[in-house]
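Participant: 3D model of this:
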Amino acid sequence: MALIFENRMKVRDYECDSQGVVNNAIYLHYFEATRHELMEKCGLRLRDLTEENIIPVVRNVNISYRNSLRGSEEFVCTATAVRDGLRYFFHQQITRVPENVLCASAVIEVVCLINGKVAKPDMFDKVFADYITWKNK
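Facilitator: The predicted model follows:
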């Protein structure tokens with residue numbers, strides 16, 4: 001079974017809308033920041049990859065909103081991945097702490113472009129090995 005990566009964060013007041021809740025688009029930032037933290041934990045930096053013309057690209061996003069986050073609240077954003085062919089499906093959740101209330105969940109599809117073409121991401125398989133479940137190998 002794949003490990004679940006956890007990234008603890010705190011809502012910044014400027015991320016909230018006029019009703020005092022986190023704007024819906026900000027959740028996408030939280031999900032992306034968590035995937036980038038996972039990459040760095042696994043030894044990859046996006047800056048280094050792009051210099052080698054290796055670009056992970058978000059292909060599709062599906063977010064389900066459950067409960068609102070508000071300014072200064074702390075939360076944990078998690079990530080784990082399913083590899084299916086050339087695609088990764090990152091399953092992510094945002095949970096408010098300490099109440100452990102699910103605020104949003106998402107499935108984010110990512111493909112890898114190498115020299116401008118969708119390619120088999122062997123290097124990602126190696127570094128993300130602990131966080132991947134294989135659908136079709």
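
Participant: which sections of the protein are below the confidence cut-off?
Facilitator: Per-residue confidence for the chain (pLDDT under 70) gives these ranges: 136-137.

Participant: mind listing the strands for it?
Facilitator: According to DSSP state E, the chain carries its strands in the segments 5-10, 54-65, 74-84, 87-97, 101-114, 117-118, 132-136.

Participant: Just the residues contacting the second one, thanks.
Facilitator: Put plainly, it is strand 54-65. Counting by CB atoms under 8 Å, 6 or more residues apart in numbering, strand 54-65 makes contact with 24, 27-28, 31-32, 46, 49, 87, 103-114, 121, 123-124, all of which sit outside it. The C-beta positions use only the backbone N, C-alpha and C, and glycine is treated the same way.

Participant: among the strands of the chain, which is nearest D17?
Facilitator: Relative to D17, the nearest member of the strands of the chain by CB to CB is strand 54-65, separated by 13.0 Å.

Participant: okay, the angle between that closest one and strand 87-97?
Facilitator: What separates the directions of strand 54-65 and strand 87-97 is an angle of 50 degrees, with axes from the mean of the first three to the mean of the last three CA atoms, to 10 degrees.

Participant: Distance from strand 54-65 to the middle of the chain?
Facilitator: With CA atoms, centre = their mean, to the nearest Å as the basis, strand 54-65 stands 8 Å off its chain's centre.

Participant: just stretch 5-25 next, same as before
Facilitator: A distance of 15 Å separates the centroid of the chain from that of stretch 5-25, by CA atoms, centre = their mean.

Participant: before we move on, what about stretch 112-121?
Facilitator: 19 Å.

Participant: for that stretch, which positions count as buried?
Facilitator: C112, I114, P121 (16 or more other CB atoms under 10 Å).

Participant: mind putting the residues you listed in JSON lines, distance to I55 included?
Facilitator: Formatted as JSON lines, the buried residues of stretch 112-121 follow (distance: CB to CB, whole Å):
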{"residue": "C112", "distance to I55": "7"}
{"residue": "I114", "distance to I55": "8"}
{"residue": "P121", "distance to I55": "11"}
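
Participant: Select the longest helix from this protein.
Facilitator: The single longest helix within the chain, with elements called by DSSP state H, is helix 24-41.
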